[in-house]
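>>> after the sequence you'll find the predicted model.
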Amino acid sequence: MSSVPLQQAIRHQQVAFTNFFAGHARYPRYKSRAGRQSAEYTRSAFRYRDGVLTLAKMDAPLAFVWSWPRIDPATIDPTTVTVSRDPCGRWYVSLAADVATPEQAPATGAVVGVDMGITDFAVTSDGEKIANPRHLAKRERNLARYQRRMARKQRGGANRAKARAKVARAHRKVRAARADFLHKTSARLVRDHDVIVIEDLHVRGMVRNRSLAKAISDCGWGTFRRMLEYKTARYGRHLIVIDRWFPSSKTCSACGHLLAGLSLSTRRWTCPGCGTLHDRDVNAAKNILAAGLAVSARGADVRPQGSSLRQSAVKREAPPARVGLPLL
C-alpha cells in the first residue's frame with residue numbers, strides 16, 4: 001500500500017497528543033479494529049481527473065457511486081481523499097474540496113426558541129411539538145435478537161463474524177434513520193427562522209441517569225446542535241445558546257414568577273402569580289427565546305463567565321465541506 005496513509009496516521013497521532021498536552025482532549029486511545037477503519041490520501045497519493053479517481057499503488061481507477069446529484073463530479077478538485085469501511089462492510093470514499101459559498105437564505109423575520117425533550121423531541125415557542133421518532137426503541141427487539149445470536153457463536157469463527165456484521169447493519173439502520181430525521185428537522189428550522197435559541201444541554205452528565213440514558217442517547221441532541229451550528233453559519237442565520245442553568249421550565253413566561261420546584265412528571269402547571277395555565281415544554285421554549293434575545297441584545301456572552309465552554313452569541317464559521325460517496 002501507499003506510505004501516505006501511514007504518514008497521515010502519524011500526523012493524526014501528533015495532533016491528538018498536542019491537544020492532550022494543551023488540555024483540550026483526553027489521552028489518545030488505540031482505535032478498535034472492530035470499528036470504522038479509514039485511510040487518508042493527500043494530493044501526492046491520488047489522481048482525480050474528470051470524475052475518475054485513482055489511488056496510489058492501484059492500476060485501475062476506483063469505482064464509486066456519486067452521491068451529490070446537484071454537483072458535477074468533474075468540477076471537483078479534492079485536496080484529500082479518505083477511504084473508509086464501516087463495521088457492517090460498506091466502503092466509502094470522502095472527498096475534501098473547496099466549494100462555493102452558498103447564497104444567504106432570504107430573511108423571514110421569524111425567531112424561535114426550542115426546548116429539547118424526550119417525550120417530544122423538540123417544542124418551539126410557537127407551540128409546535130416535533131414528535132420523538134425513537135429510532136432505537138423501534139428496532140430494539142431485532143437488535144437484541146441479532147446480539148443473542150452473535151453471543152452463541154464461537155469467538156474467532158466465521159459464523160461469529162457474519163453475526164457481528166448483522167448487528168452492525170442493524171445499528172447502521174438506526175444511525176441512518178436518526179441522522180435523516182435530524183438533518184430534515186434542523187434544515188427546516190434554519191430555513192424558516194432568522195434566529196434560533198436553544199439551551200446548552202449537558203448531555204454527558206444527563207446520560208449518567210441510568211433510567212434515562214438510553215432514551216437521551218437515542219435523541220441525538222448533541223448532533224442536532226452541531227447541525228444547527230454549521231447550517232445557521234452557512235446560510236446567514238443566528239444561533240443563540242443560553243446558559244444550561246437557566247430555569248426555563250420553572251419560570252412563568254407571562255409574569256416571570258419562579259417556582260421553588262417542579263417535578264419532571266408535571267407536564268402542566270398553573271402560575272400562582274397570574275393564574276396562567278402553562279404547558280411545561282411550550283412555556284420553557286418561550287422563556288428560552290426571551291432569554292436568548294435579551295442577552296443577544298445586550299451584546300454579552302450567553303454563558304456565565306465561569307464556564308469552560310464560554311461562547312459568544314454570534315454565528316459560527318461553517319466547517320469545510322466533505323462529499324461522502326458509497327463505493328460500488
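Yep, that arrived. Because the structure is a prediction, the values reported are computed rather than measured. Numbers count the residues shown, from 1 in each chain.

>>> could you confirm residue 114 falls within a helix?
No: under DSSP: H, G, I helix; E, B strand; the rest coil, residue 114 falls outside any helix and is assigned strand.

>>> pLDDT weak spots in this protein?
297-328 (pLDDT under 70).

>>> in it, which spans are helices?
Per DSSP state H, the chain has helices spanning 4-21, 135-138, 140-151, 158-192, 203-206, 213-219, 221-234, 280-298. These are given in chain order.

>>> nearest to residue 81, of the ones you listed?
Among those, the nearest to residue 81 by C-beta to C-beta is helix 4-21 (9.9 Å). C-beta: built from backbone N, CA, C; applies to glycine.

>>> how about the residue most central in space within the chain, nearest residue that isn't a chain neighbour?
Here the mean C-alpha position of the chain is nearest to the C-alpha of residue 223 (C-alpha atoms, centre = their mean), at a distance of 1.7 Å. Counting by C-beta to C-beta, 6 or more residues apart in numbering, the nearest residue to residue 223 once its immediate chain neighbours are dropped is residue 182, at 5.7 Å.

>>> around that neighbour, count how many other residues there are.
Other residues near residue 182 number 21, with proximity taken as other C-beta atoms under 10 Å.

>>> from residue 136, how far off is the residue lying closest to residue 179 once chain neighbours are set aside?
Computed as C-beta to C-beta, 6+ apart, the closest residue to residue 179 that is not its neighbour in sequence is residue 223, at 7.4 Å. Distance from residue 223 to residue 136, counting by C-beta to C-beta, to the nearest Å: 14 Å.

>>> what does residue 96 give?
When distance is defined by C-beta to C-beta, residue 96 is 31 Å away from residue 136.

>>> need the residues that contact stretch 155-166.
34, 87-89, 146, 149-150, 153-154 (C-beta atoms under 8 Å, 6 or more residues apart in numbering).

>>> just the buried residues of it, please?
Counting neighbours by 16 or more other C-beta atoms under 10 Å, one finds that the buried residues in stretch 155-166 are 160, 163-164, 166.

>>> rewinding a little: so which of the helices of the chain is the most packed in?
Burial among the helices of the chain, expressed as mean neighbours by mean count of other C-beta atoms under 10 Å, is greatest for helix 280-298, which shows a mean of 21.

>>> show residues contacting that one.
Contacts of helix 280-298 with the rest of the structure, by C-beta under 8 Å, 6+ apart, involve 111-115, 117, 120, 123-125, 127, 129, 195, 197-199, 238, 240-242, 246, 248-249, 251-253, 262, 266-269, 301-302, 313.

>>> turn the buried ones among these into a named ChimeraX selection, would you?
Listed next is the ChimeraX selection for buried residues among the contacts of helix 280-298, using 16+ other C-beta under 10 Å:
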select :111,112,113,114,115,117,123,124,125,129,195,197,198,199,238,240,241,242,246,248,249,251,252,253,269,302,313
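
>>> list the contacts of residue 183.
So, once contact is read as C-beta under 8 Å, 6+ apart, residue 183 ends up touching residue 227.

>>> measure it to residue 246 for me?
Relative to residue 246, residue 183 is positioned 28 Å away (criterion: C-beta to C-beta).

>>> re the thing from before, so which of the helices of the chain comes closest to residue 68?
When these are compared (using C-beta to C-beta), the closest one is helix 158-192, at 14.3 Å.

>>> how big is the angle separating that closest one from helix 140-151?
With axes from the mean of the first three to the mean of the last three C-alpha atoms, to 10 degrees applied, the angle from helix 158-192 to helix 140-151 works out at 150 degrees.

>>> any idea how far helix 158-192 is from the middle of the chain?
Averaging C-alpha coordinates over helix 158-192 and over its chain gives two centres that are 12 Å apart (C-alpha atoms, centre = their mean, to the nearest Å).

>>> swap in stretch 109-125?
On the basis of C-alpha atoms, centre = their mean, the separation between the geometric centre of stretch 109-125 and that of its chain is 17 Å.

>>> end-to-end on it?
15 Å (C-alpha to C-alpha, to the nearest Å).

>>> distance of residue 279 relative to residue 119?
When distance is defined by C-beta to C-beta, residue 279 is 12 Å away from residue 119.

>>> of the two, who's got more company?
The neighbour count for residue 279 versus residue 119, taken as other C-beta under 10 Å, is higher for residue 279 (15 against 12).

>>> who's in contact with the more buried one?
267-268.

>>> so for residue 50, which of the helices of the chain sits nearest?
Nearest to residue 50, of all the helices of the chain, is helix 4-21, at 22.5 Å by C-beta to C-beta.
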